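Asks: Here is the input, now give the coordinates:
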Amino acid sequence: MSENHPNPSELRRARGVSLMEVIIVLAVIGVFVSMSVPSFRRSMEQSRADIAGSNLRAIWSAQRIYWLEHRGYASDLSALESAGLLDPAIVSGTPQYAYAMASAESSTFTATATRRGSTRWSGQFSIGEDGLISGTVSAAGEPSIVPGFQ
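Replies: From the prediction side, this is the model:
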């Protein structure tokens, strides 16, 4: 009677994964991650620009209502806040953007959103009485970013 014993080299192969296979898998994962991180960062910056554009639209709406009540535009954001027309969070700004009233007269105004809190991205958006948002945020070696809607 002979017993069937598996060959020791067959046992080693059936047990697990070689170190070389693990290194190859880690290298492939590293390549995928390195390709996706810049895209993710740009997407995050685009979403921040869209929020800034939305906040500028809120300032524009508040200024329009203020004009209907006073026949002139508010000279600063705190006047819009005290009139109950603007969210205090916009007046205080966000970690990414500072909002300000650059100029205001009886028939015209310009509000700005200036990028802050980043060593890489910089720039400014503005909106006037016509409701059009202009300006860009840019970084070295990157295409400029504008709010995703006009």
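Asks: Run through the residues that contact the residue nearest the centre of the chain.
Replies: Residue closest to the average C-alpha location in the chain (CA atoms, centre = their mean): residue 48, at 2.4 Å. Residue 48 makes contacts with 96-97, as judged by CB atoms under 8 Å, 6 or more residues apart in numbering. The C-beta positions use only the backbone N, C-alpha and C, and glycine is treated the same way.
Asks: Same question for residue 54.
Replies: Neighbouring residues of residue 54 by CB under 8 Å, 6+ apart: residue 147.
Asks: Which helix or which strand is home to it?
Replies: For residue 54, the host element (DSSP states H and E) is helix 19-70.
Asks: ok, now how distant is residue 67 from residue 79?
Replies: 12 Å (CB to CB, to the nearest Å).
Asks: Name the spans of this protein whose pLDDT lies under the cut-off.
Replies: Residues of the chain meeting the criterion pLDDT under 70: 1-15, 36, 149-150.
Asks: where does the spatially closest residue to residue 63 that is not a sequence neighbour fall, helix, sheet strand or coil?
Replies: Using CB to CB, 6 or more residues apart in numbering and skipping the chain neighbours, the partner closest in space to residue 63 is residue 73 (5.2 Å). Three-state call for residue 73 (DSSP: H, G, I helix; E, B strand; the rest coil): coil.
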